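In: How does the following fold in three dimensions:
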Amino acid sequence: MTDTSPIIVWFRRDLRLGDHPALTDACKLGRPVIPLFIYDQVTEKQGAAPRMRLGLSVKALADDLEGIGSKLILRRGDALTVLRDVIAETGADTVLWSRQYDVAAKARDTDVKSALKADGHTVQSFPGHLLFEPWTVETKTGGFYKVFTPMWKTVRGRELDTPSARPSKLAQPDNWPKSVALDDWNMGGDMNRAYHVLLPHCTVGEAAARDRLDTFIAERVETYQKNRDLPAVKGTSGLSENLTYGEISPLVCWHAGWQALHDGKSDAEIFLKELVWREFAYHLSHHTPRIETDNWKEDWDAFPWNTDERRAEVKAWKQGRTGLPFVDAAMREMYVTGTMHNRGRMIVASYLTKHLMCHWKIGSDWFADCLIDWDPASNAMGWQWSAGSGPDATPYFRVFNPVSQLDKFDKDHRYPNRWIAEGQNDPPDTALSYFDAIPKQWNMSADDPYPDAIVAPDVGRKRALDAYQSRDF
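Out: Now for the predicted structure:
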């Protein structure tokens, strides 16, 4: 190998050119760069909506690379096998990538790095998906944080690097390795007819993510603390979708938030806290990987949750037919847009795990199939926070009332009117789109009567508290 041999930059959840440490390092070496995306087993196991959205992001990255005279090589198969094949075809001797911290990705990356190093290649992983590497944030007595607020106080004042610039060009190899067509993967195929319903609601690619951040900082961050809780108001950043696929880095968001704070927009600190809440989820996933699949508090294994997804109550919850407008509106928003307002996420999670006494895994798995901003760490921690089984969780005896919560945060009920067609003489397109997105076999229509509550809030609350008080752990 020579110092002109190509470098492979393996893209995963870092689908951008700007502030990309692995790509920046490759450019500094001055050698040809081969951008590579692998549709491997870890990626294929994602749910229908995340896979669809990932495909859009891959296409956007490919277009961006073409814009600077490069190209994205697409391959499908076992990651190690693909990397070895591309190395053999190109003479590359270096592979760089951005770190991931969820269980499946870490296991894959550990195996790949070990094998390629044993083959004699240079392999290096880089930060970029998080602000703070999980092993760099510790309590005063050592160990990781299990409560958010002390972690926030620890990292709040840390100085972070300035985001690195987007490269204007990449050196090309003499011969490009073969690549397959993205359309051949049909990454949105499992969405069926919902594909075209969700598509207009996706904000895809690095440029769109930057615009979204700029608009939020300019127009909404100043009222973020209040408006982020109002489901009928466009008060949040919407950046969870873009952070999920790495179309924008958390470092870029962090610096924008701090600049807004220095400019006198005090609510920007709440935005910064939300970025660190995302960090908290990934730090927990890194240090206690069981959080993704099992109760983080192991004594909750004895709690008498229902685990039968075939129950009528679970079906009604999934279909947005619980008879509780806040719950149903949030679920329907997810089917139409692929996202759900954060206050809605708390309400539907509390209702499923407490009023309906269902295991949080049922909800976590359903979200993993339906959300375009699905994130393995945030999804798991969010569900366990709501259920009471996770770190720094809401107490199990705190049961959100979907009726009073709607009155508090949406007193005019604009949110359910936007998403629930039944009972309205002239429902909006947003509500009608739900019936275009759901499976036909659900056999639902806007002309159906709106159901009564399957479990009334007071009844569900009492049942949940009785179970908690008589728990055997």
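
In: What separation do you get for the residue lying closest to Val103 once chain neighbours are set aside and Trp360?
Out: Counting by CB to CB, 6 or more residues apart in numbering, the nearest residue to Val103 once its immediate chain neighbours are dropped is Pro289, at 4.5 Å. The way it works is simple: take the backbone N, C-alpha and C, and place the C-beta from them, glycine included. Relative to Trp360, Pro289 is positioned 17 Å away (CB to CB, to the nearest Å).

In: More neighbours: the two, which one.
Out: When neighbours are counted by other CB atoms under 10 Å, Trp360 comes out ahead of the other of Pro289 and Trp360, with 23 against 18.

In: and the closest residue to that one other than its chain neighbours, what pLDDT?
Out: Spatial nearest neighbour of Trp360, chain neighbours left out: Ala387 (3.9 Å); criterion: CB to CB, 6+ apart. In this prediction, Ala387 carries a pLDDT score of 94.

In: List the contacts of Ala387.
Out: Remark: with contacts taken as CB atoms under 8 Å, 6 or more residues apart in numbering, Ala387 is in contact with 300, 349, 353-354, 359-360, 393, 396.

In: So which residues of the stretch 51-200 of the chain form helices?
Out: Shown for the stretch 51-200 of the chain, the helices assigned by DSSP state H, counting those that start in this stretch span residues 79-90, 103-118, 148-155, 195-198.

In: Could you tell me the phi and psi values at Thr4?
Out: According to degrees, to the nearest 10, the main-chain angles of Thr4 amount to phi -110, psi 10.

In: Same check on Gln424?
Out: In terms of degrees, to the nearest 10, the main-chain angles of Gln424 are phi -100, psi 140.

In: Let me know whether it touches His413 as I believe.
Out: No. Using CB atoms under 8 Å, Gln424 is not in contact with His413; the gap is 11.1 Å.

In: hang on, the earlier thing: would TSV of the helices of the stretch 51-200 of the chain with mean neighbour count, mean pLDDT and distance to Arg210 be doable?
Out: Below are the helices of the stretch 51-200 of the chain laid out as TSV (neighbours: other CB atoms under 10 Å; pLDDT from 0 to 100; distance: least, CB to CB, whole Å):
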stretch	mean neighbour count	mean pLDDT	distance to Arg210
helix 79-90	19	98	29
helix 103-118	16	98	25
helix 148-155	16	97	24
helix 195-198	18	98	22
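
In: could those helices be laid out in TSV, adding distance to His283?
Out: Formatted as TSV, the helices of the stretch 51-200 of the chain follow (distance: least, CB to CB, whole Å):
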stretch	distance to His283
helix 79-90	25
helix 103-118	13
helix 148-155	8
helix 195-198	31
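
In: Out of those helices, the one nearest Arg228 is which?
Out: Between Arg228 and these, the shortest gap by CB to CB is with helix 148-155, which sits at 16.5 Å.

In: Could you list every helix and strand in contact with the closest one?
Out: Using 3 or more CB pairs under 8 Å, 6 or more residues apart in numbering; DSSP states H and E as the contact criterion, the elements in contact with helix 148-155 are helix 268-287.

In: Now do the buried residues in the very next helix or strand once past the helix it packs on.
Out: Past helix 268-287, further along toward the C-terminus, the next helix or strand under DSSP states H and E is helix 312-319. Within helix 312-319, the residues that count as buried by 16 or more other CB atoms under 10 Å are 313-314, 316-319.

In: still on that earlier bit, please determine how far the residue nearest to Val103 is located from Arg228.
Out: If you measure Pro289 against Arg228 using CB to CB, the figure is 30 Å.

In: ditto for Pro6
Out: The span separating Pro6 from Arg228 equals 45 Å under the rule CB to CB.

In: Kindly report the same for Trp317.
Out: 24 Å.

In: ditto for Gly55
Out: The gap separating Gly55 from Arg228 is 29 Å, by CB to CB.

In: Repeat that for Arg332.
Out: As defined by CB to CB, Arg332 lies at a distance of 21 Å from Arg228.

In: okay, those two: which has more neighbours?
Out: Between Arg332 and Arg228, counted using other CB under 10 Å, Arg332 has the larger neighbour count: 27 against 21.

In: Whichever strand or helix holds the more buried one - contacts with which helices or strands?
Out: The secondary structure element spanning Arg332 is helix 325-337 (assigned by DSSP H and E). Under the contact definition 3+ CB pairs under 8 Å, 6+ apart, helix 325-337 sits against helix 195-198, helix 312-319, helix 342-350, helix 360-370, helix 402-409, helix 414-419, helix 429-437.

In: can you give me the offset of it from its chain's centre?
Out: Taking CA atoms, centre = their mean, to the nearest Å, the mean C-alpha location of helix 325-337 is offset from the chain mean by 18 Å.

In: from the chain's centre, how far out does the helix or strand where Trp383 lies sit?
Out: Trp383 belongs to helix 376-387 when elements are defined using DSSP H and E. Taking the mean of its C-alpha atoms, helix 376-387 sits 11 Å from the chain's own mean (CA atoms, centre = their mean).

In: The closest residue to Ser240 other than its chain neighbours: neighbour count?
Out: Residue nearest to Ser240 in three dimensions, not counting chain neighbours: Asp373, with 4.2 Å by CB to CB, 6+ apart. Other residues near Asp373 number 23, with proximity taken as other CB under 10 Å.

In: same question, Val233
Out: Based on other CB under 10 Å, the number of other residues close to Val233 is 17.

In: So it is in contact with His341, correct?
Out: No. Val233 sits out of contact with His341 when judged by CB under 8 Å, with a separation of 9.3 Å.

In: of the helices of the stretch 51-200 of the chain, which approaches Met381 most closely?
Out: For those, the distance to Met381 is smallest for helix 148-155, at 9.9 Å, taking CB to CB.

In: Dump the helices and strands packed on helix 325-337 to JSON lines, plus distance to Leu74.
Out: Conversion of these to JSON lines gives the following (distance: least, CB to CB, whole Å):
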{"stretch": "helix 195-198", "distance to Leu74": "20"}
{"stretch": "helix 312-319", "distance to Leu74": "34"}
{"stretch": "helix 342-350", "distance to Leu74": "33"}
{"stretch": "helix 360-370", "distance to Leu74": "24"}
{"stretch": "helix 402-409", "distance to Leu74": "44"}
{"stretch": "helix 414-419", "distance to Leu74": "36"}
{"stretch": "helix 429-437", "distance to Leu74": "28"}
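
In: right, and these - which one's nearest Thr244?
Out: Taking CB to CB, helix 360-370 is the member of those nearest to Thr244, at 11.9 Å.

In: what's the closest one in contact with?
Out: Counting by CB under 8 Å, 6+ apart, residues outside helix 360-370 touching it are 46-50, 293, 305, 307, 309, 314, 318, 334-335, 338, 348-349, 352-353, 374, 379-380, 383-384, 386-387, 389.

In: go on, stretch 451-465?
Out: Residues from elsewhere that reach stretch 451-465 (CB under 8 Å, 6+ apart): 312-313, 316, 321-324, 351, 354-357, 396-397, 399, 401-404.

In: residues contacting the residue minimising distance to the centre of the chain?
Out: What sits nearest the mean C-alpha location of the chain, by CA atoms, centre = their mean, is Asp375, with 2.8 Å. By CB under 8 Å, 6+ apart, the residues touching Asp375 are 240, 243-244, 278, 281.
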